[in-house]
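K.L.:
this is the structure alone, sequence omitted:
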């Protein structure tokens, strides 16, 4: 009997395993702002720089705006947001037209919620410091509530900016995510695991050697 040699994994199987490794090897973070508190209207708000430590990208700094809590019209799950305004009634300090998020270490992806505080549509541009950029036009908040759009950028940089060209800007951000796939864009790691197991099983069945059997028939 000839020994059965183990069949090497096909190229497809290696690619699947590599995808699985990539899907599970990066630590992920979503920064919510529920632990912060501030006024509910801009005329009482002040500019604040936020520093968040212990993330998968090291220390994260957010600046250009300030915290608003329980702002009218926001979705119920958005207790506090980071906001900026350029109108006549925009707090006791100077807010920037651009909100900047910096990371200690380079990230692998970036996404966040952006809320347009204007009554008219506005176009927002999200860009990183290595040339990546994406824009999205978001409807105004009238009538309430605010739209809840998610903007995603396949960033690999250490800094991301959010801005608009509107001279009387009014917007806020929340749920800042990085080092993970944008929600709804790709299968979850568990799904990938099941897919890989199925493909490897199919590959093993297709590549398994078929043993021929001889049948001896005796004449009566």
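P.N.:
Everything's here; your move. These figures come from a predicted structure and were not determined experimentally. Residues are numbered from 1 along each chain as shown.
K.L.:
list the contacts of residue 93.
P.N.:
Counting by C-beta atoms under 8 Å, 6 or more residues apart in numbering, residue 93 touches 46, 47, 66. C-beta: built from backbone N, CA, C; applies to glycine.
K.L.:
those residues in strands, which ones?
P.N.:
residue 66 (DSSP state E).
K.L.:
residue 114 pairs with what?
P.N.:
Note on residue 114: beta-bridge partners residue 173, judged by DSSP bridges.
K.L.:
what residue ranges in this structure score low on pLDDT?
P.N.:
1-27, 73-78, 89, 142-148, 185-220 (pLDDT under 70).
K.L.:
mind listing the strands in it by residue range?
P.N.:
Assigned by DSSP E, the strands in the chain fall at 29-31, 48-55, 58-69, 80-85, 99-103, 110-116, 122-128, 133-138, 150-153, 159-164, 170-178.
K.L.:
give me whichever of those is most buried.
P.N.:
strand 80-85 (a mean of 26; mean count of other C-beta atoms under 10 Å).
K.L.:
parallel or antiparallel, list what pairs with that one.
P.N.:
strand 58-69 (antiparallel), strand 170-178 (antiparallel).
K.L.:
turn the strands of the chain into CSV, including distance to residue 93.
P.N.:
Shown next, in CSV, are the strands of the chain (distance: least, C-beta to C-beta, whole Å):
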stretch, distance to residue 93
strand 29-31, 23
strand 48-55, 9
strand 58-69, 8
strand 80-85, 11
strand 99-103, 14
strand 110-116, 21
strand 122-128, 22
strand 133-138, 25
strand 150-153, 26
strand 159-164, 18
strand 170-178, 15
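K.L.:
between these, which one is nearest to residue 40?
P.N.:
Set against residue 40 and scored by C-beta to C-beta, the strands of the chain come closest in strand 58-69, at 6.0 Å.
K.L.:
ends of stretch 60-80, how far apart?
P.N.:
18 Å (C-alpha to C-alpha, to the nearest Å).
K.L.:
residue 171: what's it in contact with?
P.N.:
With the criterion set at C-beta under 8 Å, 6+ apart, residue 171 makes contact with 83, 84, 114, 115, 116, 117, 118, 122, 124, 162, 164.
K.L.:
dump the residue contacts of the first one.
P.N.:
Yep, that's residue 83 we're talking about. Contacts of residue 83 by C-beta under 8 Å, 6+ apart are 42, 45, 65, 66, 67, 68, 71, 117, 170, 171, 172, 173.
K.L.:
which of those lies at the shortest distance from residue 105?
P.N.:
residue 173 (20.9 Å).
K.L.:
test my guess that that closest one contacts residue 67.
P.N.:
No - the pair residue 173 / residue 67 is not scored as a contact, 11.2 Å apart, by C-beta atoms under 8 Å.
K.L.:
mutual contacts of the two, please.
P.N.:
Applying C-beta under 8 Å, 6+ apart, one finds that residue 173 and residue 67 are jointly contacted by 81, 82, 83.
K.L.:
so the first one makes contact with residue 34?
P.N.:
The reference is to residue 81. No - the pair residue 81 / residue 34 is not scored as a contact, 9.9 Å apart, by C-beta under 8 Å.
K.L.:
can I see the domain layout of this structure?
P.N.:
7-26+183-204, 28-178 (automatic domain parsing).
K.L.:
out of the contacts of residue 93, which comes closest to residue 150?
P.N.:
Nearest member of the contacts of residue 93 to residue 150, counting by C-beta to C-beta, is residue 66, at 22.5 Å.
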